[in-house]
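**Student:** predicted coordinates and the sequence they were generated for:
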Amino acid sequence: MNTELVTRALEVVGNPNILVNIISRRVRQLTSGGGGLSRPLVAGTENFGNADIALIEIIEGKMGWEMLHPMDLPQPLPVKKSRKRAA
C-alpha cells in the first residue's frame, strides 16, 4: 500500500479503524471476480494493487460509507448481591 494514498484517504475518512474496514471490504470485492462490483471505479489502475485502487476510490469520492448511530438501549438492572447468613 502506498503511504501517501493512505494519508490522503485517512483525511477523507477520519478514523483509521474505519478506513481499514472499508479497504478490506473493497479489496474482497475487487478480488472476487465477476459482477459489476469487482471492477475498479477509477481509470488507469493497471499498475496498482487492489488496496491502492480502493484508496484511490475513497480519495476521489467514488466510494461512500455510512456511520450508524448507536441505539439507545435500556440500562441493565443492578444485580442484587445476596448476603450469606452466619450459621
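**Tutor:** Arrived safely, thanks for sending.
**Student:** from now on I want contacts and neighbour counts done on CA atoms only, so please keep to that.
**Tutor:** Fine.
**Student:** so which helix or strand takes in Ile22?
**Tutor:** Assigned by DSSP states H and E, Ile22 belongs to helix 16-32.
**Student:** how far is that helix from where the chain is centred?
**Tutor:** 6 Å (Cα atoms, centre = their mean, to the nearest Å).
**Student:** output the below-cut-off pLDDT ranges for the chain.
**Tutor:** 34-37, 70-71, 73, 86-87 (pLDDT under 70).
**Student:** and if we set it to 90?
**Tutor:** Across the chain, the ranges flagged by pLDDT under 90 are 1-2, 14-15, 32-41, 44-47, 63-87.
**Student:** all the strands of it, residue numbers only.
**Tutor:** With DSSP state E, there are no strands along the chain.
**Student:** in the helix holding Ile22, what's buried?
**Tutor:** 19, 22-23, 26-27, 29-30 (16 or more other Cα atoms under 10 Å).
**Student:** got a list of what Lys81 touches?
**Tutor:** Applying Cα atoms under 8 Å, 6 or more residues apart in numbering to Lys81 gives no contacts.
**Student:** just use 520 as the starting number from now, easier for me
**Tutor:** In the new count, where the first residue is 520, that last one comes out as Lys600.
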